[in-house]
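Student: Give me a model of this one.
(2 chains)
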Amino acid sequence: MNTTATVATVAAPPETSLRKADAVTDLGAVAAAATSTPAVATAAAQPPTPTAKRRPAWVDVLGDWAGKILPPLVTVAVLLGIWELASSQAGAALPPPSKVISDTKELILDPFFNNGGNDVGMAWQLLASLERVLYGYSIAVVVGISLGVLVGQFAIAMRGLDPIFQVLRTVPPLAWLPIALAGFRDGNPSAIFVIFITAVWPIIINTSIGIRNIPNDYRNVARVVQLNGVEYFWKIMMPAAAPYIFSGLRIGVGLSWLAIVAAEMLIGGVGVGFFIWDAWNSSRISDIVLALFYVGIVGFILDRLVSWIGRMVARGSSVS
Amino acid sequence: MKISIVTPTLNAAPREHRMSQSFLELSLVSMVFKTRQGPFQALSNVNLRVEKGEFVTLIGHSGCGKSTLLNIIAGLYRCTSGGVLLEGREVDEPGPDRAVVFQNHSLLPWLTAYENIELAVKKTSVGKRNKAQMRDWVLHNLKLVQMDHAMNKRPEELSGGMKQRVGIARALAMEPKVLLMDEPFGALDALTRARLQDELLRIVADTGSTVVMVTHDVDEAVLLSDRVVMMTNGPAATIGEILEVNLSRPRERLALATDARYLSARKAVLEFLYQKQLKAA
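Tutor: I've put the predicted structure just below:
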């Protein structure tokens, strides 16, 4: 499968990565690695480019990685330094990073302890939140794509539903919580509902845009071949709209994670949102900082996960 | 109406076996589009008969409704009055018996060349071919357009000419009664276009296909067609003249370049387009 494509992608990078490695060398970052080894390199593994120096592939790979990883590392180090300096002043309200780490050492080292009730490790707190997101988001995906297809495919559905969507989607997530609590009379389903109602709008709207943007040519092909509704849905509609759908899914998962923390602060129980609120009530500021760090990392991973799935699924469909 | 003996030979001169009912028959086809500025009459009372095995091109200035007419034959548009009969049956929806080669190939970018054709073949093969036969049929059609080497490539990896070859293979694989082509080579460079025209001549000769093709290229029309249908300018476009191209087949591009009959046919089309139907630019 795709032999030439693979060849093409394998053949292309050496030049670009060489250039990147050069750029890094200029920064002085991997200068030692890059300059100390060129003698070994000439074994003709690289296509001879007139200007570039020949180096073994691993140096390029290393240089490539260094070029990607070093800048963010440097930024983080600088920011931590500023924070450390600022919070070490007398009378500082917030703990410096060093104090955060020493305060939360137990939480960091043992994320899986379980003392019953709310007193459980960070991993359990995060998993509890993730579980709610999983339920709420899954419902949002199914409902969102279905409604998006309906609105995108049928002008009449569009005219009927779109105004309602446009108004409801501006309601802030937490505004839904009291009404959900009134309806469900329980915290957990209410939190899941808030996740659902937060994530569903961008999924609906992006799906419908994706469906409406399916080129007429593809529809005509489907008509000439006489695909039925189900075949059209799977063979044309979903692949053609996949890039739009996945950008909706990606926005949706980000919003879900934003909403869950806020919702959990109000509903209590196990979950990273309530952990933060609880820490605030007992003045454990370092715990809050740690929790924020974890929340950020998990949100980042969720975003990348959906984006990666999207790239796998939508491969090829955005290019015509 | 002339009635003559029907000869069953597929590639015999098509004009000979005119039946009381033609293979493809357009009668009084009119098309009115609703636009914001009010109704727009694109086509007015188009009558055309195409015989089995015939190659007909529709030529005219842009906006003359030739693509509209093709889409009506394809069933993608419903004409507002008049009708289209294919083998005596009214055309009222698109179908694989009138496969279309679209101008911009219209291959599905998420499918390989093979899969694109397979999608079309699956629907027309139900109850006719088993899995292995279907595969053979897809490959046969890829070979016909000399694209079997690229069967596992996606459209983005193919050149414009290669994409159009696959588009032609997809249409042929549906075994259409009429092959409809909407400026199939319009987006290609002159050299690629010439090569694909030659190949199309060969394929049509091999398969005995009936073809209706829209073009704006005079040479292409004369080289490929048995008849060139010249359309008047819109609005309310209709058929102005029909030119019979009495050139024997197979046709050789180089030999024809100095052939008097070819040149006079070419001149006739040019005169129609640039004298009788001159359009203000």
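Student: List the beta-bridge partners for B:V228.
Tutor: Residues in a beta bridge with B:V228, per DSSP bridges, are B:T57, B:L243.
Student: In the stretch 151-281 of chain B, which residue sits nearest chain A?
Tutor: The stretch 151-281 of chain B approaches chain A most closely through B:E156 (4.6 Å), counting by CB to the nearest CB. C-beta: built from backbone N, CA, C; applies to glycine.
Student: For that residue, give its distance to A:W308.
Tutor: Separation of B:E156 from A:W308 (CB to CB, to the nearest Å): 21 Å.
Student: my guess is the residue of the stretch 151-281 of chain B closest to chain A meets B:P109, correct?
Tutor: Yes. Using CB atoms under 8 Å, B:E156 makes contact with B:P109 at a distance of 6.1 Å.
Student: Wait, a strand at B:L247?
Tutor: No. B:L247: not assigned to a strand; according to DSSP: H, G, I helix; E, B strand; the rest coil it is coil.
Student: Burial check on it, number of neighbours?
Tutor: By other CB atoms under 10 Å in any protein chain shown, 18 other residues sit near B:L247.
Student: Model confidence at B:L86, what's the number?
Tutor: The score at B:L86 is 93. That number is its pLDDT.
Student: list the contacts for it?
Tutor: B:F23, B:L24, B:E25, B:D97, B:R98, B:K177, B:V178 (CB atoms under 8 Å, 6 or more residues apart in numbering or on different chains).
Student: What is the most widely separated pair among those residues?
Tutor: Spanning the widest gap among these are B:E25 and B:D97, at 14.6 Å by CB to CB.
Student: Between B:E156 and B:P109, tell me which one has more neighbours.
Tutor: Between B:E156 and B:P109, counting by other CB under 10 Å, B:P109 is the more crowded of the two (18 against 14).
Student: Run through chain B and note the low-pLDDT ranges.
Tutor: B:1-20, B:279-281 (pLDDT under 70).
Student: and it, which residues reach chain A?
Tutor: B:74-76, B:93-96, B:98-100, B:102, B:104, B:106, B:108-110, B:119-120, B:123, B:152-157, B:174 (CB under 8 Å from any CB of the partner chain).
Student: Could I have the ChimeraX command that selects the buried members from these?
Tutor: To isolate the buried members of these in ChimeraX, using 16 or more other CB atoms under 10 Å in any protein chain shown:
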select /B:74,75,76,94,95,96,98,99,100,102,104,106,108,109,110,119,120,123,153,154,155,157,174
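Student: Hmm, B:K177 is touching B:P96, no?
Tutor: No. B:K177 lies out of contact with B:P96 (CB under 8 Å); the separation is 9.4 Å.
Student: Listing request: residues of chain A with sub-threshold pLDDT.
Tutor: A:1-54, A:315-320.
Student: Identify the residues contacting stretch B:67-84?
Tutor: A:220, A:223-224, B:24-32, B:42-43, B:45-46, B:58, B:90-95, B:98, B:100, B:178, B:180-183, B:212, B:214, B:231.
Student: and A:A140, what does it touch?
Tutor: A:A140 neighbours (CB under 8 Å, 6+ apart): A:I195, A:F196, A:I197, A:T198, A:A199, A:V200, A:I203, A:G252, A:S256.
Student: these two touch, right, the fifth one and A:Y135?
Tutor: No. Counting by CB under 8 Å, A:A199 sits too far from A:Y135 to count as a contact (11.1 Å).
Student: give me phi/psi at the most far-flung residue of chain B relative to its centre?
Tutor: No residue in chain B sits farther from the centre than B:Q37, which is 31.7 Å out by CA atoms, centre = their mean. Per-residue torsions, B:Q37: phi -90, psi 10 (degrees, to the nearest 10).
Student: how near is it to B:E156?
Tutor: B:Q37 is 39 Å from B:E156, by CB to CB.
Student: repeat for A:L150
Tutor: 31 Å.
Student: Also A:P243?
Tutor: For A:P243 relative to B:E156 (CB to CB), the value is 14 Å.
Student: B:R98 now?
Tutor: Relative to B:E156, and taking CB to CB, B:R98 is found at 28 Å.
Student: and B:M213, that one's in a strand?
Tutor: Yes. Under three-state DSSP, B:M213 sits within a strand.
Student: In contact with the closest residue to B:E25 other than its chain neighbours, which residues?
Tutor: Nearest residue to B:E25, sequence neighbours excluded (CB to CB, 6 or more residues apart in numbering or on different chains): B:L85, at 4.4 Å. With contact set as CB under 8 Å, 6+ apart, B:L85 has these partners: B:Q21, B:L24, B:E25, B:S27, B:V91.
Student: circling back to that earlier point, got the contacts of A:A140 as TSV, with neighbour count and secondary structure columns?
Tutor: Below are these laid out as TSV (neighbours: other CB atoms under 10 Å in any protein chain shown; DSSP: H, G, I helix; E, B strand; the rest coil):
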residue	neighbour count	secondary structure
A:I195	31	helix
A:F196	25	helix
A:I197	23	helix
A:T198	28	helix
A:A199	31	helix
A:V200	28	helix
A:I203	29	helix
A:G252	27	helix
A:S256	26	helix
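Student: between those, which is closest to chain B?
Tutor: Among these, and counting by CB to the nearest CB, the member closest to chain B is A:I203, at 20.7 Å.
Student: Contact partners for the closest residue to that closest one other than its chain neighbours?
Tutor: Nearest residue to A:I203, sequence neighbours excluded (CB to CB, 6+ apart): A:G144, at 2.9 Å. Counting by CB under 8 Å, 6+ apart, A:G144 touches A:A199, A:V200, A:W201, A:P202, A:I203, A:I204, A:T207, A:G248, A:G252.
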